[in-house]
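>>> Sequence unavailable; structure follows:
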């Protein structure tokens, strides 16, 4: 069986550049089929009511799903998003977002994950969103391989 | 029949603060049931391959859908997102994202919109995503009323 | 607090008439926030390859989600479907479909559920689909109240 | 360029057996990238309120999307459903369902379609649902090739 992608790939992809570095996404944990990410509140991530913007919640859903699926792909392959769906369950009004993604199925070309997102502050933690995402495996760009 | 929200509300909600101001979302056009938004490329909006991040595409889908639905709500009400779904159709590798949202149905409590997203550069324009979103009408926070 | 709908409502709604009676949907278990349904294979439920048709899988997702959400609504209210999403994970080639729905959040007007669907035969059971659905509470028609 | 599937394949797959024959699905029109299907009301297709069941609406969405995508695949390949999403916009209380599917993008392995569903009677026609679906291309079973 092919060697899987190493867990370190998740951080490389997330902390190294672009949107996820600018926003401050952190990879908390990765194991085959699972990923946990967090994101701390700051003004540039909020909507008009002062909660995390729906697009930011969708982004952590997307990133966590991609990492969970990619962790089950052979070394050198990465999951890119075919589609994602998010249900917003309660206001994301905490200090941090936490996303837990779990792969439901990973095949040769397609992988599917479910993702729960929690909003957390000093006093409490509450599920604020639930999502699913479909990924397609492609070759990892050279600079990350 | 109740007076609808004014088109200016869309810019207030979008340019005034938070994620959409920081990212650089621009409201191009609003009429009852329709909204067009744009977003220029910059490093803080990209994924590992140098294209717009899926979460950024989901955010413009979300914002455009919210504006299209809110434009058909009575003055003082605003649509917040119940759920959104995005299909990614091709790499978002252009210089600008353009989103066109159109309300499919707006009732007393719920509104639904479809959204097309295009990626555009000097030479070409191509549809890169298609989404749908469901909104729920709530009272507009005082500072925007 | 208002009295919730009785578990018997689920069977009334499912076995009594229409599509779900004709197809043979059975309510296996209902408790507040949860529902389990089953459906036995027959020719009129299959697609060209001899597996359960995607629309039949979507129907058991829909029915199970509606029952799970309705079980948490006050007596006299029922959930009707705002939207549903299904990911098909593997061929539904068993003798029976089993759906487990669980409410993620139920508020005054909207409820959301996640649904797992398994395909089962004498030898094995395998998850074949995963869905989410959003319901809206309306008054139960008189004949079911 | 490869020869595409012939339009007749749609009827073979739909009228010939299983769920879609039993329910009475009719293929009205197919051209590359587009499909129109209809379904007449009968008791075995309805929910507790006497409207078309959500699962039946999902089924016509699924079938129409599959045909629209398959019509753009090379002869001998067929689209099977990866995921589908349906928004229910108004009660499906007419005498007939009509579904119009249009492919948004069809590549080597994946195709995406959008689908509008109308409910129609002698006096009127109204959009009652809107959906999207993702298909994956597989080899057509021998008996249909």
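That came through fine. Everything quoted here is computed from the prediction, not taken from an experiment. Numbers count the residues shown, from 1 in each chain, chains lettered A, B, ... in the order given.

>>> Please list the residues of chain A that sit near chain B.
A:13, A:16-20, A:22-23, A:43-50, A:53-56, A:58-63, A:78, A:80-88, A:141, A:144 (C-beta under 8 Å from any C-beta of the partner chain). Using the backbone N, CA and C atoms, a C-beta is placed for each residue, glycine as well.

>>> can you narrow those residues to ones near chain D?
Among these, chain D is touched by A:82-83, A:85 when using C-beta under 8 Å from any C-beta.

>>> confidence score at residue A:1?
We have a pLDDT of 64 for residue A:1.

>>> quick one on the thing from earlier: just the buried members of the residues of chain A next to chain B?
A:13, A:17-20, A:22-23, A:44-49, A:53-56, A:58-63, A:78, A:80-88 (16 or more other C-beta atoms under 10 Å in any protein chain shown).

>>> Strands - which of those land there?
Mapping these onto strands (DSSP state E) picks out A:78, A:80-88.

>>> From chain D, how far off is residue A:22?
Plainly put, residue A:22 is 29 Å away from chain D if you go by C-beta to the nearest C-beta, to the nearest Å.

>>> Please name the residues that touch the nearest residue in space to that residue that is not next to it in sequence.
Among residues not flanking residue A:22 along the chain, residue B:44 sits closest, at 3.6 Å (C-beta to C-beta, 6 or more residues apart in numbering or on different chains). The contact partners of residue B:44, by C-beta atoms under 8 Å, 6 or more residues apart in numbering or on different chains, come to A:18-19, A:22-23, B:23.

>>> And for residue A:15?
Residue A:15 is in contact with A:21, A:25-27, counting by C-beta under 8 Å, 6+ apart.

>>> ok, then the element right after the helix or strand residue A:115 falls within?
In the assignment (DSSP states H and E), residue A:115 maps to strand A:110-120. With elements assigned by DSSP H and E, the helix or strand that comes after strand A:110-120 is strand A:125-139.

>>> so who does the residue nearest in space to the middle of chain A touch?
Centroid-nearest residue in chain A: residue A:64, 1.7 Å away (criterion: C-alpha atoms, centre = their mean). Contacts for residue A:64 (C-beta under 8 Å, 6+ apart) come out as A:35-37, A:99-101, A:113, A:115.

>>> same question, residue A:67
Residue A:67 touches A:10, A:13-14, A:27, A:30, A:35, A:37, A:101, counting by C-beta under 8 Å, 6+ apart.

>>> that older thread, how about the residue nearest to the centre of chain A, nearest residue that isn't a chain neighbour?
For residue A:64, the spatially nearest residue (C-beta to C-beta, 6+ apart) is residue A:101, at 3.6 Å.

>>> Next: residue A:70.
Residue A:70 sits nearest to residue A:79 (C-beta to C-beta, 6+ apart), 4.7 Å away.

>>> cool, and residue A:138?
Take residue A:138 and drop its neighbours on the chain: the residue closest to it by C-beta to C-beta, 6+ apart is residue A:80, 5.5 Å away.

>>> Would you work out how far apart the start and end of stretch A:67-77 are?
11 Å (C-alpha to C-alpha, to the nearest Å).

>>> Run a quick neighbour tally on residue A:139.
By other C-beta atoms under 10 Å in any protein chain shown, 9 other residues sit near residue A:139.
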